[in-house]
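Engineer: Sharing a sequence plus its predicted fold:
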Amino acid sequence: MKEPVMPGAVPNPLRSVLDRRLPRIAGPCVLVLFGVTGDLSRKKLLPAIYDLANRGLLPPGFGLVGFARRDWADQDFTQVAYDAVRTHARTPFREDVWRQLSEGVRFVPGEAHDDAAFDALVRTVRELDESRGTGGNYAFYLSLPPKLFPTVLTQLKRSGLAESSGDSWRRVVIEKPFGHDLASAQELNALVDDVFPPHSVFRIDHYLGKETVQNLLALRFSNTLFEPIWNRSYIDHVQITMAEDIGVGGRAGYYDGIGAARDVIQNHLLQLLALVAMEEPLSFTADAIRAEKVKALSAVQLPDDLATGTARGQYTAGWQGGAWVPGYLEEEGIPPNSTTETYAAMRLGVNTRRWAGVPFYLRTGKRLGRRVTEVALVFHRTANQVFDHVATANQGANSLVIRIQPDEGVTLRFGSKVPGTAMEVRDVSMDFSYGASFTETSPEAYERLILDVLIGDPPLFPHQEEVELSWRILDPVEEFWAKNGRPEPYPAGSWGPPSGHELLARDNRTWRRP
């Protein structure tokens, strides 16, 4: 509670700063995880919940309920959660933290369509209200295949779990994909809106919870070094890359028929584009940031010719990391005639005064040269009237690279004279690394996002309008690809098919080698 301010008193600026720096702590609540037996829950969600507790950001009045198709008792789920935490948690394991957290762990077995199971869930959360003082505040995390969303949402409404009373709240968390095209996204939204009010719906894009993604806003708007040159007068083009060095692995059932563009470009990469292209918001509230992102996505333009302005590929067998790996069509669970792309790239424009004429190149793929996600702003070259061609032969374009994973940081690439008697300019890098600059390690994205859900703070969650705008951008591309044969093959371990490189070569540009 804040100290009262006496009439006529002068506010203490130091106290104001300290208030802003105090950690945000969730209030009493229950988090219900649907689909707790999946990889997402075991590797990300359960460890993130423990890490929040270990950092003191969860209250004593916190309950965790697992819901899944398993004939488990509470202690069985507690053991599963314990194993997940010991294996995947970011922070050190502390027995006292786990003991307090585990006292609020419960499990409800059942199917999504089972009325009796949801009635048992009602009794379980009410018991936690009594024993843990959770106050009737419930968040429902749907870590489930999208086909089960309608059934679970209907059950939450039927059982009364979605309906809050008094000062208590109800919230629902939906993992991507938010539909598979515009029509399905609108259908899903209508279903969710029928059960939960818009302010209670949290659509999770875990990329938006990464420290480096959030740092985009700080980098742009808190530095006079960058904001004045963040426009078409100085920037030649923008490259946004999310490359993976793995194949589909155990995700074949989900991935086939979805593909790289729906899986990554529609959400992660277009959200990154919006953060790069947006204007400065009036504040860092959810509504203000969302308004500017919506304007940026509304201004996105597809290439006039989708045949030359987009590229897609499918990896074949090859050498990667010193091992021979199978091609996509040889992966277990993939039909031998699949036309699903594992590589997608496209050139987009943003029709605003700031960005008119600046191409944004987006690419993503599996089985590429290495795992990396980055945003690169490549600047115009200088006229070099002072230097002759020999002096600058080894100099490339200046660039500002925001590294999102795995080595989070920022690199500024510029030209410098090579030591010696001759005037020769060569590229050098000025590097900022989170690991080297801060003593505290960056929290996992799911830590930040789960805490935001429990607090009710939505700035990092895409709104339905952003989801629909992203589908309006991608749907014409997907329709074009569906009518034009198979994706182009590329060997595992390479940087994609020839068409992906030709996409930039037509504009006399090349992809950065991360």
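Structural biologist: On my side now, so go ahead. The model shown is predicted, which means the values in this text are computed figures rather than measured ones.
Engineer: Okay, Leu121 and Phe34: tell me how far apart.
Structural biologist: Distance, Leu121 to Phe34, using CB to CB, to the nearest Å: 10 Å. The C-beta positions use only the backbone N, C-alpha and C, and glycine is treated the same way.
Engineer: any residues in contact with both of those two?
Structural biologist: Residues within reach of Leu121 and of Phe34 at once, by CB atoms under 8 Å, 6 or more residues apart in numbering, are Phe67.
Engineer: Over stretch 424-434, what's the mean pLDDT, rounded is fine.
Structural biologist: For stretch 424-434, the per-residue pLDDT values average out at 82.
Engineer: Check the offset of it from the chain's centre.
Structural biologist: In terms of CA atoms, centre = their mean, to the nearest Å, the gap separating the centre of stretch 424-434 from the centre of its chain is 28 Å.
Engineer: Could you do stretch 492-507 as well?
Structural biologist: With CA atoms, centre = their mean, you get 25 Å for stretch 492-507.
Engineer: just stretch 159-172 next, same as before
Structural biologist: Counting by CA atoms, centre = their mean, stretch 159-172 comes out at 27 Å from the chain centroid.
Engineer: average pLDDT across it?
Structural biologist: Averaged across stretch 159-172, pLDDT comes to 92.
Engineer: what comes up buried for that stretch?
Structural biologist: Of all the residues in stretch 159-172, those buried under the rule 16 or more other CB atoms under 10 Å are 159, 161-162, 164, 169-172.
Engineer: need the next SSE after the helix or strand where Arg363 lies, C-terminal direction.
Structural biologist: Under the assignment given by DSSP states H and E, the secondary-structure element containing Arg363 is strand 360-365. Sequence-wise, the next helix or strand downstream of strand 360-365 (DSSP H and E) is strand 372-379.
Engineer: one step back: narrow the buried residues of stretch 159-172 to those in strands?
Structural biologist: Cross-referencing the buried residues of stretch 159-172 with the strands (criterion: DSSP state E) gives 170-172 as the overlap.
Engineer: Next, format those as TSV and append distance to Trp72.
Structural biologist: Listed next are those as TSV, based on distance: CB to CB, whole Å:
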residue	distance to Trp72
Arg170	25
Arg171	25
Val172	24
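Engineer: Can you tell me who Leu400 pairs with across the strands?
Structural biologist: Here Leu400 sits in beta bridges with Leu377, Leu412, as judged by DSSP bridges.
Engineer: Model confidence for it, exactly?
Structural biologist: In the prediction, the pLDDT value recorded for Leu400 is 95.
Engineer: The one 5 residues further on too?
Structural biologist: Confidence per residue is given as pLDDT, and for Gln405 that number is 84.
Engineer: Hmm, Tyr434 and it touching each other?
Structural biologist: No: contact criterion CB atoms under 8 Å: Gln405 and Tyr434 do not qualify, at 10.9 Å.
Engineer: shared neighbours of these two, which are they?
Structural biologist: Contact criterion CB under 8 Å, 6+ apart; residues bridging Gln405 and Tyr434 by contacting each: Thr212.
Engineer: The stretch 351-500 of the chain: strands as residue ranges?
Structural biologist: According to DSSP state E, counting those that start in this stretch, the stretch 351-500 of the chain carries its strands in the segments 360-365, 372-379, 399-405, 409-417, 425-433, 488-491.
Engineer: want to throw those strands into CSV with distance to Ile246?
Structural biologist: Output for the strands of the stretch 351-500 of the chain, formatted as CSV (distance: least, CB to CB, whole Å):
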stretch, distance to Ile246
strand 360-365, 11
strand 372-379, 13
strand 399-405, 13
strand 409-417, 23
strand 425-433, 24
strand 488-491, 15
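Engineer: In this structure Ile289 contacts Glu279, no?
Structural biologist: No: under the criterion of CB under 8 Å, Ile289 is not in contact with Glu279, lying 10.8 Å apart.
Engineer: who's more crowded, these two?
Structural biologist: When Ile289 and Glu279 are compared for neighbours, Ile289 comes out ahead with 21 against 14, by other CB atoms under 10 Å.
Engineer: check which helix or strand covers the more buried one.
Structural biologist: With secondary structure defined by DSSP H and E, Ile289 is part of helix 286-298.
Engineer: distance between that helix and the chain's centre?
Structural biologist: Mean-position distance between helix 286-298 and its chain equals 17 Å (CA atoms, centre = their mean).
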